[in-house]
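1. fold the following.
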Amino acid sequence: MAEASYHLTSYGCQMNDHDSQRMQGMLESLGYRQTDDQDRADLILLNTCSIRASADRRLETQLGNAKRIKQQRKSVVVGVGGCWAQSLKQEVFERYPFVDVAFGPGQVDQLAQFLLSDSLSAQGYFEFDGFTADLPMRAEQPASAWLQISVGCNSKCSYCIVPSTRGREVGVSVIFPGFIRDAGMFHESEVELPRFVGTSSPTDVARAVRSAIESNRAEVDVAPLPVRAATKLSELAPSAMAKLIRRLGSDDFTAEVADRQSEKR
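-> Residues are numbered from 1 along each chain as shown. As a prediction, this is how the structure comes out:
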């Protein structure tokens, strides 16, 4: 049997870019290969945005293409994910009955479950019970990759849809095992610059990293940073923070911190 292929189109913000890389990693772990030819793909996947008008216009075009391809090849699976799908939920299937699976940012992992199932009916997944940071990732740029600090938001700004499309805020202290796994991947690979997603400032990054280390040091084999260093995390330049994250993923990080603490005694 020929290897199944997928075509992924992503719209919107950096968080969507991050989610799309996780979708790619997940699909390729299932044996799918990426193709640039949408007309020949076995899976057509659209990761959507519900903020930008330009993204809406492009999405309409892509959905029209997907409908045409589905009419020509009934076996093609059409999937719609992201914030636009989350905002519409089951209405996605009412508007576009050719769509096979729809899912929000909180249930990206359910795409894999759908593809592995024998279900012949359209399925929608719109709960907030999963984190894309738990999924494998395919980095598009060898020298850099996304590192998720948080997901969702607890604020209720009238102009923002993040709380309704991505749920309440969950910080890195909760998704810490995935955070450390990714840090280890950065350390072992050519990735030199983690690009933080889910945070708005260096102070947020510093607070998240420090909180994660302090709240998880009993469960994860990573030593806490020296107090004086931790209090100055927010002052680190992006390149220095990148080095810190890569160190968090190294096997000798604990020993390195212990040696420094011994020297100060």
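
2. got a list of contacts for stretch 107-125?
-> Applying Cβ atoms under 8 Å, 6 or more residues apart in numbering, the contact partners of stretch 107-125 are 19, 22-23, 26-27, 30, 43, 45, 77, 79, 81, 89-90, 92-93, 97, 99-104, 126-130, 132, 134-135. The way it works is simple: take the backbone N, C-alpha and C, and place the C-beta from them, glycine included.

3. now the residue lying closest to Gly82 once chain neighbours are set aside. Its backbone dihedrals?
-> Leaving out its chain neighbours, the residue that sits closest to Gly82 by Cβ to Cβ, 6 or more residues apart in numbering is Thr48, at 3.7 Å. As for Thr48, its main-chain torsions (degrees, to the nearest 10) stand at phi -100, psi 160.

4. quick check: Thr48 touching Trp84?
-> Yes - using Cβ atoms under 8 Å as the test, Thr48 is close enough to Trp84 to be in contact (3.5 Å).

5. return the helix or strand in this protein with minimum mean pLDDT.
-> For the chain, the helix or strand with the lowest mean confidence is helix 227-230, at a mean of 34 (criterion: mean pLDDT, DSSP states H and E).

6. tell me where the chain has helices.
-> 14-29, 53-72, 83-88, 91-95, 110-116, 162-166, 176-188, 202-216, 227-230, 238-248, 253-264 (DSSP state H).

7. in terms of mean pLDDT, which of those ranks lowest?
-> Taking the average pLDDT of each of the helices of the chain, the minimum falls on helix 227-230, with a mean of 34.

8. more neighbours: which of Thr48 and Trp84?
-> A direct count of neighbours by other Cβ atoms under 10 Å for Thr48 and Trp84 places Thr48 higher, at 29 against 24.
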